[in-house]
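Q: Structure of the sequence below:
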Amino acid sequence: MNSRSPTLKQALIAGCSLLILAIGSFLSLAAIPAQAQSLDEAEYIGSRDCASCHRDLGRSHRESAHALTLQDAQDADNAGAILGNFDQDGDVRTLQFPGEETARAFTAEDIAFVIGSGQHVQRYLYEAGKDDYLVLPAEWNVIEQRWQPYAPADQWPDPAYEWGPNCAGCHTTGLNTQDLAWEEAGVQCESCHGPGSAHADAADDAGGVISPEELVSIRAAIAPGTDPQTCGSCHSAGTQDGFAYPIDYLPGKALEHDDGYQLVPPDDSAHWHVSGHAAQQNMQYNEWHASGHANALKTLKTSDYAQDSCLQCHSGDYLQTEARIASYADPANEYEGDPPVVVTLDTAEDGITCTNCHSLHGDTIGMDLLVESPETLCLDCHQDAGRTDQVHHPVVEMFSGMQIVDLVPGVPSNHLTAGATCITCHMPPTLQVGDTWYSGSHSMMPAFPGDVEEGQPDSCTSCHTDLSPAYLQEFIDKIQNKVSNRLSKLQITIDDRQDIPSWVHEAVDFVAGDGSLGVHNYAYTSQLLDAVEVNLGITTVVVPETIPIHEIEDPQDCAECHADEHREWQNSPHANASLSQTFQAKYAADGQPSYCMSCHASGYDPRTEQYVFEGVVCSNCHYTTAGVAHPPGPVEIATNSQVCGRCHSGEHSPTYNEWLVSAHSNVGIDCVDCHTPHDNGLILDDVNETCGSCHQEALVDEIHMGDDMTCVDCHMSRIQNQNGVQVISTGHSMNIDPSVCADCHGNTHLLSRDGNQPMGEDHAQVVALEDKVTQLEDTANQNLNSGIVGGALGALVLALIVFLTVRLGRIR
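A: As a prediction, this is how the structure comes out:
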């Protein structure tokens with residue numbers, strides 16, 4: 001008994017110690033919140049478990065493009081998943097299956113899984129062996145409703161068609177890259193939020209009443225899914241040995257590693273166009289990564305104007321946090337815990353990211369998962385209602401033609417009235433399905449026609465189908481250079497003067513701040529700069545207020561009483577001003593700017609850029625003056641040259657400007673004194689007779705008024721190019737340009753001076769020729785002297801040889 005006592009005592013002591021430790025452990029566990037296992041240790045639990053708590057999110061995500069990106073074709077729940085029509089295009093679907101003797105067209109029975117939700121194109125998987133799948137070499141074009149080849153390689157099967165290394169990582173959830181088995185088909189909850197077991201366990205351990213500490217642990221055990229890198233794990237092109245996607249990425253971690261996945265570099269011509277746009281599919285993240293959106297926060301933090309309020313357009317995490325704070329304030333929501341802490345300029349981490357435009361779960365606008373319409377998303381930030389000293393860009397105001405100064409009415413952009421939106425130009429398509437391009441670029445840069453490669457779509461020709469890319473680029477360069485030069489000249493004038501009205505500063509800052517140099521709204525840009533240049537005295541134009549704008553009447557109504565005049569007018573240049581081949585060719589070459597119709601058509605409204613009638617109709621020149629309809633009210637006969645000057649003036653057609661400085665204007669000779677008003681011809685048909693009706697003395701010049709000469713040959717020369725500068729002159733100043741004489745008499749400089757005293761370029765050429773002759777003469781003299789000396793030396797050598805030969809002969 002005694003021999004057992006120590007052993008018994010030891011056992012009792014050990015048992016008590018274990019009991020005390022167990023009680024202490026229980027009490028310590030009860031005293032602290034349940035700790036979730038780490039994200040690295042978590043396992044996949046499936047979207048059904050997620051939806052058991054997050055019912056609304058699960059319901060909206062279930063039918064999203066992400067969830068449907070891979071569907072089991074043999075599952076009865078997925079009936080209707082296959083969209084392809086197997087009654088057509090059998091030749092496109094014909095292939096040689098492994099183990100079969102003859103080639104045949106594949107059918108729905110050959111399809112194991114469906115790839116793609118059916119937005120643009122749908123592909124199909126064939127099960128070649130257990131867990132071994134191949135993408136079939138034909139795809140269904142959903143947009144055009146036809147089969148087309150899918151040919152990443154010249155033959156099928158080929159490694160390029162292997163499902164596992166090429167596709168599986170971005171069409172499944174929880175892929176095991178060792179055996180290529182997956183947890184769930186499609187992009188489900190845990191693809192973006194990471195394995196959910198730690199999150200679910202933390203919630204279960206917390207029980208029905210969750211403490212603030214437990215809520216923190218529950219939230220920390222799952223990735224929020226708003227990190228753009230999570231989207232980039234599939235929507236990017238990068239390098240990963242043996243796989244087309246990152247194999248070791250988990251949400252919440254870094255996407256790129258020095259020894260793992262790396263985005264393709266910007267100089268990789270197989271993935272990037274020279275314009276900076278993607279050349280391959282699934283490169284949205286690559287483009288975004290280099291965009292102004294991604295760098296919006298960096299741009300803000302380097303600005304002298306940076307403040308917290310700017311984050312609403314410069315920080316994605318700020319916007320997401322503000323949305324969560326607002327949801328906490330909504331009485332309809334019963335959230336546990338405190339709302340998140342407000343993001344500040346110091347704590348913000350990201351620029352504008354994927355989830356600022358796209359929904360996480362799919363309860364959104366269209367299959368693109370947009371949280372708002374594209375216009376709303378863009379215009380919320382790309383505006384400057386206060387026009388804040390060049391800090392922001394007033395893109396919305398310029399595009400919509402908002403009036404900013406009293407003197408210039410607002411004019412909406414022709415792009416806007418035609419239905420174009422921001423993404424029409426700033427998100428040009430990058431992928432092609434058959435004949436259809438889709439997947440707008442996330443670089444947000446327009447693809448100008450002159451910057452794209454052959455076969456790459458640009459931002460212009462999809463709408464301007466009648467114009468060549470070369471012309472469109474020339475047109476863009478022309479208007480941007482013109483606006484840029486005008487702004488530069490205006491800024492110099494403004495800097496040199498002190499008496500500049502405030503509205504001039506506002507107009508110039510508005511045009512410069514828009515940043516597009518006329519592309520967003522050329523008509524409005526030009527009108528604003530016109531007004532500024534007139535105010536500063538840089539240019540002189542016909543003041544619009546002196547030329548009234550009149551209601552346009554149907555010319556057929558005029559014809560009821562004025563049949564002869566109408567008959568004469570209807571075949572005139574005026575009647576066909578918008579229809580003539582000359583105008584149409586020039587109009588198309590210039591990009592069909594709508595403002596041309598302010599003169600070439602009738603009833604043009606600059607606000608809508610629309611017109612009422614083709615050509616110049618009666619009521620452009622004949623209009624009521626007493627406010628009484630005609631008949632019985634009188635109409636203006638339009639004998640005033642200013643009426644003609646409404647269109648025949650300015651750089652494009654300076655007839656009126658030339659007339660103003662002519663002798664004709666000084667003595668009151670108006671346009672209608674020479675031109676017939678209805679057919680736009682001459683009063684007396686013949687040029688010389690028309691001029692001679694006043695200038696009879698000029699007709700007696702026997703030389704210059706010969707049989708083949710007319711007055712306009714000398715007095716109305718039309719100049720298109722002068723000293724290398726494009727200048728348009730219609731000759732209505734009636735002055736004689738000396739260059740006209742050269743048309744008949746040759747070089748006027750040589751004719752007007754002594755032949756021994758040439759001038760300018762001729763003199764320089766003569767001097768150069770004389771110098772050349774002198775050089776040739778010197779060279780010839782040198783060659784002659786060298787020849788004489790050489791001949792003499794040769795003769796001496798020959799004499800010496802002869803002498804030696806003779807002497808040697810005698811010795812022998």
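
Q: residue ranges of the helices in the stretch 401-550 of the chain, please?
A: Assigned by DSSP state H, counting those that start in this stretch, the stretch 401-550 of the chain shows helices spanning 414-417, 422-426, 469-496, 502-514, 522-535.

Q: Relative to Asn333, which of these is closest?
A: Each of those was checked against Asn333 via Cβ to Cβ, and the shortest separation belongs to helix 422-426, namely 32.6 Å. Where you see a C-beta, it was placed from the backbone N, CA and C, and this is true even at glycine.

Q: how about the helices of the stretch 201-350 of the chain, start to end?
A: When assigned using DSSP H, counting those that start in this stretch, the helices of the stretch 201-350 of the chain occupy the ranges 212-220, 228-232, 284-289, 296-301, 311-314, 316-329.

Q: ditto for the stretch 651-800 of the chain
A: Going by DSSP H, counting those that start in this stretch, the stretch 651-800 of the chain shows helices at 655-660, 663-666, 687-692, 711-715, 738-745, 748-752, 760-811.

Q: Pick the most deeply packed of those helices.
A: When you average the neighbours per residue for each of the helices of the stretch 651-800 of the chain (mean count of other Cβ atoms under 10 Å), helix 655-660 leads with a mean of 21.

Q: re the thing from before, please tabulate the helices of the stretch 401-550 of the chain in a markdown table, including the columns mean pLDDT, mean neighbour count and distance to Gln122.
A: Listed next are the helices of the stretch 401-550 of the chain as a markdown table, based on pLDDT from 0 to 100; neighbours: other Cβ atoms under 10 Å; distance: least, Cβ to Cβ, whole Å:
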| stretch | mean pLDDT | mean neighbour count | distance to Gln122 |
| --- | --- | --- | --- |
| helix 414-417 | 88 | 17 | 34 |
| helix 422-426 | 93 | 19 | 24 |
| helix 469-496 | 91 | 15 | 32 |
| helix 502-514 | 92 | 18 | 42 |
| helix 522-535 | 87 | 21 | 43 |
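
Q: now those in CSV, with distance to Leu793?
A: CSV is the format used below for these (distance: least, Cβ to Cβ, whole Å):
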stretch, distance to Leu793
helix 414-417, 86
helix 422-426, 82
helix 469-496, 67
helix 502-514, 79
helix 522-535, 80
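
Q: just to revisit the earlier point, wait, which of the helices of the stretch 201-350 of the chain is closest to Asp605?
A: The closest of these to Asp605 is helix 311-314. By Cβ to Cβ, the value is 34.4 Å.

Q: other SSEs contacting the closest one?
A: Contact here means 3 or more Cβ pairs under 8 Å, 6 or more residues apart in numbering; DSSP states H and E; on that basis helix 311-314 packs against helix 296-301, helix 316-329.

Q: right, so of the ones you listed, which gets closest to Thr774?
A: helix 296-301 (65.6 Å).

Q: same for the closest one, what does it pack against?
A: Applying 3+ Cβ pairs under 8 Å, 6+ apart, one finds that helix 296-301 contacts helix 311-314.

Q: buried sites along the helix it packs on?
A: Taking 16 or more other Cβ atoms under 10 Å as the neighbour-count basis, helix 311-314 is seen to contain the buried residues 311, 313-314.

Q: pLDDT (mean, whole number) over that helix?
A: Mean pLDDT, computed over helix 311-314, is 93.

Q: Need the contact partners of it.
A: 296-297, 299-300, 318-319, 322, 343-345, 348, 351-352, 380-381 (Cβ atoms under 8 Å, 6 or more residues apart in numbering).

Q: now swap in stretch 283-298 and tell me
A: Residues from elsewhere that reach stretch 283-298 (Cβ under 8 Å, 6+ apart): 228, 231-232, 235-237, 263-264, 266, 271, 276-278, 299, 311, 313-315, 348-354, 430, 439, 441-445.

Q: Repeat that for stretch 191-199.
A: Here stretch 191-199 makes contact (Cβ under 8 Å, 6+ apart) with 36-39, 41-45, 49-50, 66, 173-174, 189-190, 218, 221-225, 230, 250-252, 360.

Q: one step back: out of the contacts of helix 311-314, which end up buried?
A: For those, a neighbour count by 16+ other Cβ under 10 Å gives the buried set as 296-297, 300, 318-319, 322, 343, 345, 348, 351-352, 381.

Q: residues near Thr353, how many?
A: 24 (other Cβ atoms under 10 Å).

Q: Assess the claim that it and Gln229 are in contact.
A: No. With the criterion set as Cβ atoms under 8 Å, Thr353 and Gln229 do not qualify as a contacting pair; they are 9.6 Å apart.

Q: picking up where we left off before, need the helices of the stretch 201-350 of the chain in CSV (columns: distance to Glu100).
A: Below are these laid out as CSV (distance: least, Cβ to Cβ, whole Å):
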stretch, distance to Glu100
helix 212-220, 54
helix 228-232, 41
helix 284-289, 40
helix 296-301, 56
helix 311-314, 60
helix 316-329, 53
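
Q: Figure out which of the ones you listed is closest to Gly645.
A: Evaluated over the helices of the stretch 201-350 of the chain, closeness to Gly645 peaks at helix 311-314, with 47.3 Å, by Cβ to Cβ.

Q: which of the residues in stretch 260-277 are buried?
A: For stretch 260-277, the neighbour count (16+ other Cβ under 10 Å) marks 260-261, 263-264, 271-273, 275, 277 as buried.

Q: out of the residues you listed, who's nearest Lys482?
A: For Lys482, the nearest member of those is Ser275. The distance, counting by Cβ to Cβ, is 23.4 Å.

Q: For that closest one, give me its contacts.
A: Shown in contact with Ser275 (Cβ under 8 Å, 6+ apart): 445, 447-448, 451-453, 456.

Q: Mind doing that once more with 10 Å?
A: By Cβ atoms under 10 Å, 6 or more residues apart in numbering, the contact list for Ser275 reads 428, 441, 443, 445-448, 450-453, 456, 458.
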